[in-house]
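Visitor: Quick one, what's the 3D model for this:
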Amino acid sequence: MEAKRAGDIMIPLDRYPHIPHWFTLRQAIAELRASEIEVQGRKSLPRAVLVFNKTYELLGIVRRRDILRGLQPSFLTGEGMEYRRQLFAVDVDPNLADLSSERIVRGIREQAERPVSDVMLPITVTLDANDNIMTIIYDMVKHDLSLVPVVRDGRVVGVVRSVDVLHELSDIVLS
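Guide: Sure thing, here's the model as predicted:
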């Protein structure tokens with residue numbers, strides 16, 4: 001069995017959600033919600049969206065948890081963590097978590113108009129399309145990443161997800 005390369009197991013860029021850096025968190029949510037990825041008959045929803053500039057250079061990545069962090073209403077950011085925990089602590093008192101309150105909904109909607117560049121993480125690691133599976137695993141584990149962009153001739157051509165790497169490894173381990 002020949003070892004797979006990043007280019008063999010990547011999801012091509014045209015099939016993975018990506019947006020320009022000036023898009024809002026609302027637009028990023030819409031892009032994630034509309035995206036469904038199918039790899040070897042397995043369907044999944046993306047956990048992140050890639051962010052590019054005008055000249056299609058990769059700037060960063062916005063994960064679902066970055067969006068959640070970015071949607072936190074601004075009136076809560078000045079409060080201590082204990083206050084924020086209590087506000088959403090439905091296990092303590094269900095009446096404390098009034099998510100339908102006008103103030104919270106308005107705060108979330110206001111934050112949803114922020115640009116994704118406010119919450120995106122910079123890209124720290126990329127893979128070359130010719131990198132072998134051991135290099136992919138090493139980089140993902142070393143940098144605690146579940147998604148790594150793949151580059152060919154200096155251009156982003158796709159992404160490798162940890163779920164797809166594990167699928168390839170399962171073929172090796174279970175055969």
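Visitor: switch to C-alpha atoms for all contacts and neighbour counts from now on
Guide: Will do.
Visitor: Mind listing residues that contact the longest helix seen in the chain?
Guide: The longest helix of the chain (DSSP state H) is helix 162-174. Applying Cα atoms under 8 Å, 6 or more residues apart in numbering, the contact partners of helix 162-174 are 9-10, 133, 136-137, 140, 145-147.
Visitor: try 10 Å this time
Guide: 1, 3-4, 6, 9-11, 39-40, 42, 133-134, 136-137, 140-141, 145-148, 175 (Cα atoms under 10 Å, 6 or more residues apart in numbering).
Visitor: Tyr56 in helix, strand or coil?
Guide: coil (DSSP: H, G, I helix; E, B strand; the rest coil).
Visitor: Tell me how far Glu102 lies from Pro73.
Guide: Distance of Glu102 to Pro73, given as Cα to Cα, to the nearest Å: 12 Å.
Visitor: Overlap in contacts, the two.
Guide: Common neighbours of Glu102 and Pro73 (criterion: Cα under 10 Å, 6+ apart): Ile108.
Visitor: Burial check on Lys43, number of neighbours?
Guide: 10 (other Cα atoms under 10 Å).
Visitor: what sits against the nearest residue to it once chain neighbours are set aside?
Guide: Leaving aside its sequence neighbours, Lys43 sits nearest to Ile37 (Cα to Cα, 6 or more residues apart in numbering; 5.5 Å). Ile37 makes contacts with 11, 15-17, 43-46, as judged by Cα under 10 Å, 6+ apart.
Visitor: Ile37 pairs with what?
Guide: The partner list for Ile37 in beta bridges (DSSP bridges) reads Ser44.
Visitor: so what's it scoring on pLDDT?
Guide: Model confidence at Ile37, given as pLDDT, is 87.
Visitor: outside of stretch 64-75, which residues touch it?
Guide: Contact with stretch 64-75 is made by 25-26, 28-29, 32, 46-49, 63, 103-116, 118-121, as judged by Cα under 10 Å, 6+ apart.
Visitor: Which of those are buried, as a ChimeraX select command?
Guide: With 16 or more other Cα atoms under 10 Å as the burial test, the buried ones among these are selected in ChimeraX as follows:
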select :25,26,28,29,32,46,48,49,63,104,107,108,109,111,112,114,115,116,119,120,121
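Visitor: Just the contacts of stretch 64-75: which are in helices?
Guide: 25-26, 28-29, 32, 103-111.
Visitor: Quick one, which of those residues has the minimum pLDDT?
Guide: Comparing those by pLDDT, Arg103 comes last, at 78.
Visitor: mind listing the strands in the protein by residue range?
Guide: 11-12, 18-20, 37-39, 42-44, 48-52, 58-63, 121-122, 127-128, 147-152, 155-161 (DSSP state E).
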